[in-house]
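Trainee: Coordinates only, no sequence provided:
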């Protein structure tokens, strides 16, 4: 229950971090808030040779909104997303409004417990890539873009390509996840997030996020996104269930129909937290509830 | 090039705990909890699970409750740490939360108590008017195997109510 030996460096700049990652390659592991990595190190499930602590790097904890994109610095802690505020171009801080302004706090509340939320970071959760992690599900559902820096370069990785399998991402050993870009959803979007866990604060057994865009004139669904975690090595999008919703007006029957398709679309593996059949049933329940949440009073 | 501390070599660490600077030497892999207990001699901070679930090791870091088993001491340099030893006054007068845990039977074996006290202190200091539901949610961060939690909730609620009265 104590971590194995490691060399330690705590650069105070992004450049210093990239130099260290470049030098040590896959021997190195980035330490952000440490709320996922350190438990794994204490269990010795992770034994990095070198820890690159980015806790003293400036400039990685900004939140800004511009051109339809919300950019979250990798070191934004979960607790800040319980009441998200963005920095405006002229340097003021103002509450994030709109659909994301309501969605992010609703999701943040499911992340661990208070002491985890004040240390753990958004980017850390994304880079850790637990398939049941709330932010990973959100990133996949909204097609977030991960901004990866390396010495002398930068690239954006789409969520669909970023999450490869359990705890494994497309980040190269010498790359640092610096920020995540989320599309700012217009007011015609309706979102829901629903999670089942045995105890409050635990990782989800199954969690679902839904986002649908309505045509204002008709109320019909023009665009639909359904993302689920806890049923595969990565958070997954359920295209079949999404297609069920298109062109239809939200109703309890429609949600039930989409949820049934969703349950048929996943192929979960059972473990001690829940059998495959149980998880499949949870997908049905979580998707239906998330859709109902988005639609307001519809049940 | 940023300095690299090799494994197995203790590095100098200065920790500000309860207003006192402790100058210790710790390997980078040594957790804040272990350094507090073994190097600072502050054994009030308890270690239960050592993977961030039980909360027995909760201390305040810059006012926020954190798991000291999930932090390396080197990360805590420059921060203001508070442990259960810092709650009571120098003359032994108990902190209101300690009084309340006593009065409301918020402990039996006492193993989890330092963690619950520091969690509660952090919560009430940052949110003195916290609602009942939010308070229960915050207290669910830590585990207690004796009390059934209700007496802990009552103890913390009484301090919140007394402060607001």
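Mentor: Right, received. Where do you want to start? Computed from a predicted structure; not experimentally measured. Residues are numbered from 1 along each chain as shown, chains lettered A, B, ... in the order given.
Trainee: which stretches of the chain have low pLDDT?
Mentor: Since you didn't name a chain, this refers to chain A. Within chain A, the stretches with pLDDT under 70 are A:297-299.
Trainee: oops, I was thinking of chain B
Mentor: B:1, B:165.
Trainee: how about the residues of it near chain A?
Mentor: Residues of chain B lying near chain A by Cβ under 8 Å from any Cβ of the partner chain: B:1-8, B:11, B:27-29, B:31, B:34, B:49-52, B:55, B:58, B:64-67, B:69-72, B:74-75, B:119, B:123, B:137-138, B:140-141. C-betas here are computed from N, CA, C, even on glycine.
Trainee: hmm, which of the residues you listed are the buried ones?
Mentor: With burial judged by 16 or more other Cβ atoms under 10 Å in any protein chain shown, the buried subset of those is B:2, B:4-5, B:7, B:11, B:27-29, B:31, B:34, B:49-52, B:55, B:58, B:64-67, B:69-72, B:74-75, B:119, B:123, B:137-138, B:140-141.
Trainee: all strands of chain B, in order?
Mentor: Shown for chain B, the strands assigned by DSSP state E span residues B:11-17, B:20-26, B:58-61, B:64-67, B:80-82.
Trainee: Show the contacting residues for the residue most central in space within chain A.
Mentor: Among the residues of chain A, residue A:135 comes closest to the average C-alpha position under Cα atoms, centre = their mean, at 1.8 Å. Contact partners of residue A:135, counting by Cβ atoms under 8 Å, 6 or more residues apart in numbering or on different chains, are A:107, A:111, A:122, A:125, A:126.
Trainee: Need the nearest residue in space to it, chain neighbours excluded.
Mentor: Among residues not flanking residue A:135 along the chain, residue A:125 sits closest, at 4.5 Å (Cβ to Cβ, 6 or more residues apart in numbering or on different chains).
Trainee: mind checking how far the one you found is from chain B?
Mentor: 14 Å (Cβ to the nearest Cβ, to the nearest Å).
Trainee: Was I right to think that residue contacts residue A:136?
Mentor: Yes: here residue A:125 reaches residue A:136: they are 6.7 Å apart, a contact under Cβ atoms under 8 Å.
Trainee: picking that back up, out of the strands of chain B, flag the one nearest residue A:220.
Mentor: Proximity to residue A:220, assessed across the strands of chain B by Cβ to Cβ, is greatest for strand B:64-67 (46.1 Å).
Trainee: which strands and helices sit next to the closest one?
Mentor: Other elements packing on strand B:64-67 under the criterion 3 or more Cβ pairs under 8 Å, 6 or more residues apart in numbering or on different chains; DSSP states H and E are helix A:114-117, strand B:58-61, helix B:113-126.
Trainee: how about JSON lines for the ones you listed, with distance to residue A:221 added?
Mentor: Putting those into JSON lines (distance: least, Cβ to Cβ, whole Å) gives the following:
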{"stretch": "helix A:114-117", "distance to residue A:221": "33"}
{"stretch": "strand B:58-61", "distance to residue A:221": "45"}
{"stretch": "helix B:113-126", "distance to residue A:221": "41"}
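Trainee: closest to residue A:274 out of those?
Mentor: Minimum separation from residue A:274 across the helices and strands packed on strand B:64-67 (Cβ to Cβ) falls at helix A:114-117, 22.5 Å.
Trainee: The residue of the stretch 151-299 of chain A found nearest chain B: neighbouring residues, count only.
Mentor: Proximity of the stretch 151-299 of chain A to chain B (Cβ to the nearest Cβ) peaks at residue A:200, 5.5 Å away. A total of 14 residues lie near residue A:200 under the criterion other Cβ atoms under 10 Å in any protein chain shown.
Trainee: In space, what's closest to it - neighbours in sequence excluded?
Mentor: Closest residue to residue A:200 apart from its sequence neighbours, by Cβ to Cβ, 6+ apart: residue B:140 at 5.5 Å.
Trainee: you'd agree that neighbour is up against residue A:115?
Mentor: No: in terms of Cβ under 8 Å, residue B:140 does not count as a neighbour of residue A:115; the distance is 11.2 Å.
Trainee: what's stretch A:75-92 in contact with?
Mentor: Contacts of stretch A:75-92 (Cβ under 8 Å, 6+ apart): A:32-33, A:54-55, A:57, A:60-66, A:70, A:72, A:93-96, A:100-101, A:104-105, A:107-109, A:111-112, A:114, A:116-125.
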